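Below is the structure, and that's it, no one-letter string:
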């Protein structure tokens, strides 16, 4: 009997664990280690953040689902990896620290034959002074929609802002990214337009000034160098559609910005040209930058080998080409295909937890040397696809032997569909539905843009909102492993 | 070398240009071509895509006759608003009032790839740069005005003999055979649901139920076939809106859902 341990139970880890268990059956063991007791469909958190959904609408308890699937569930956080075992034993293991199941604070070692790192990111609020609380949590000046609890808090604050606006006090709202190296601009994009939509519904739009601030060098970059909308036989940039949307909804923007300090009611930023500025706010939702969760790795003798296993940003090294290269030499082939660690062949990573070889958007920095550019998104559809491919590889390695060919899921050969909400409502909702192929541009295969225009599609409208709402129910259904869950694509 | 200008209705201006990644002689040659073309046509500003070179390059002729080169420009700050009255080489003979920012903050690179920045306070210069940067992302000044304005301009261009080439979209294509056959199968499935209203024997009803079980996968197979054939046609008729992937997915979803609904009905009525 082989044991697969999956660290993390988010979109990617949950996908990997559930498919692995289905394919491996009762003969082998699948263990999931995740500090959360609930699974969260993160894309719908923005609707919790405006009060259009409750926390219960976007989460469900993991324990019964894993019990039904026959997965050994440990509500714990992974602390370290010992890929070579310890003195007296060659069996690799991880050390976990329980956060629930009545064993809070207890440590335990779990041995593994195969390990998947799908821990997702650490929400690195403390990277920006004032954005965090100095202890790794969110600070008191801003809100976030990165977790369901954060979104609940964001909505409580937002409703107070609307109440003040109704009482005749003009309110300033700032939405965007809280650092120059953030990803997930899409979540902030959805949140700002949903707030604008709600402000209209509440009849307070004329009393709230809503502003956008982000590290993108152009609106609509989204960390992948922009999406494209087909026009005739050619494709225009998502910048055109994004700028019209911001202009139409009366939302001014500040881009190319690194937020370097947050205080009560005020944030400071540095722009790509080196100039600085300040922005006042009564309500601010700023996405934090992501980092690895801080897992350590130890050799057999107890020496620290974290640097061997992890990149400096804390994400796990996989089969990518990490050689530092100038922008003009970046290639699609730099991106990982199997997500297997090069040194320890029984360790894989998926979702946000794998270390990307470099950015997707053009690297940029201010004259002071501050990097200001979106980092590559590895969320949503790609993270599910990668999780499934990794699970498939490990199942083959277990069942067919260690020479079984691995399954591949390169982001440079993978398309992605993105449905970004711009307001919720059965008849008044709006969302932009866009497809991109491949996610990472391949300039050799598709000269110019690096993308295949035959698979480029973009529309904005009410139907997009319905699609987003259907996806919400569909993915929660899939994650709960209800009948036919395997038929629903990632 | 003077290059041919891209002029309406040439749709290549809709291309989202890519960033210049190599700062070498090839780039400098393109810059020279842009300059020569500007001199030839007496233009104050030109984006590389206006000579069909899809890279992020803009040249502006300064008052002293020198040329400013902006490689990979990004407008990161826009301040104030005014109505800018503009002309552009892409729409010959057209003057259009366009809402623009009065002042802009821009970062860019020079011909050697050195990052630079500039604050433009002169509203005419700022408007010119905004217009040229829009070209780099696949847009023209008509994207900044209302539909009525746009239609008036297109009418005026038509009167000047500049008529967009209309790609003939087939009224009936081979992919419609897939749809037509699928619809017939759906109709048959629907007919089987009313069979219990007649006095058919149980064996006949069982046979009809078996037929439904066979028809549903057939519909799925036809829809898969439709998808791949439609993708092939979409490449041929790039401007045909009914050929685009969104419409094709809609066709597939509608028929697949109808098939599933009829199969569920058959399960309860005949099964």
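Arrived safely, thanks for sending. Only a predicted model underlies this, so the values are computations on that prediction, with no experimental measurement involved.

anything in the strand or helix carrying residue B:156 near chain A?
According to DSSP states H and E, residue B:156 maps onto helix B:147-159. No - counting by CB under 8 Å from any CB of the partner chain, chain A has no neighbours in helix B:147-159; the shortest distance is 12.2 Å. (Each C-beta comes from the backbone N, C-alpha and C, glycine too.)

Can you list the buried residues in the helix or strand following that helix?
Going down the chain from helix B:147-159, the next helix or strand is helix B:175-193, by DSSP H and E. Going by neighbour count (16 or more other CB atoms under 10 Å in any protein chain shown), the buried part of helix B:175-193 is B:175, B:176, B:178, B:179, B:182, B:185, B:186, B:189, B:192, B:193.

can you check stretch A:368-384 too?
A:370, A:372-384.

before we move on, what about stretch A:463-472?
A:464, A:465, A:467, A:468, A:469, A:471, A:472.

Residues of chain B that sit close to chain A?
B:11-12, B:14-16, B:18-19, B:21-22, B:54, B:72, B:74-77, B:105-107, B:115, B:117-119, B:134, B:137-139, B:143, B:231, B:234-235, B:238-239, B:244-246.

again, only using 7 Å
B:11-12, B:14-16, B:18-19, B:21-22, B:54, B:74, B:76-77, B:105, B:107, B:117, B:137-139, B:143, B:231, B:234-235, B:238-239, B:244-246 (CB under 7 Å from any CB of the partner chain).

of all the buried residues of stretch A:463-472, which comes closest to residue A:44?
The closest of the buried residues of stretch A:463-472 to residue A:44 turns out to be residue A:472 (CB to CB; 4.9 Å).

The closest one in helix, strand or coil?
The three-state label given to residue A:472 by DSSP: H, G, I helix; E, B strand; the rest coil is helix.

Report pLDDT for it.
pLDDT, residue A:472: 93.

circling back to that earlier point, mark which of the buried residues of stretch A:463-472 are part of helices, please.
A:464, A:465, A:467, A:468, A:469, A:471, A:472 (DSSP state H).

For the third one, give its distance to chain B.
Here the distance between residue A:467 and chain B works out to 10 Å (CB to the nearest CB, to the nearest Å).

go on, the first one?
Here the criterion is CB to the nearest CB. By it, residue A:464 lies 10 Å from chain B.

ok, for that residue, nearest residue in space, not its chain neighbours?
residue A:431 (3.3 Å; CB to CB, 6 or more residues apart in numbering or on different chains).

how about the residues of chain A that lie near chain B?
A:217-218, A:226, A:228, A:230-237, A:239-240, A:254-256, A:271-274, A:327-328, A:362, A:448-449, A:454, A:457, A:459.

Buried ones among those residues?
A:217-218, A:226, A:228, A:230-231, A:234-237, A:239-240, A:254-256, A:271-273, A:362, A:449, A:457, A:459.

Count the residues that sit near the residue nearest to residue A:464.
Using other CB atoms under 10 Å in any protein chain shown, residue A:431 has 26 other residues around it.

Report pLDDT for it.
On the pLDDT scale, residue A:431 gets 87.
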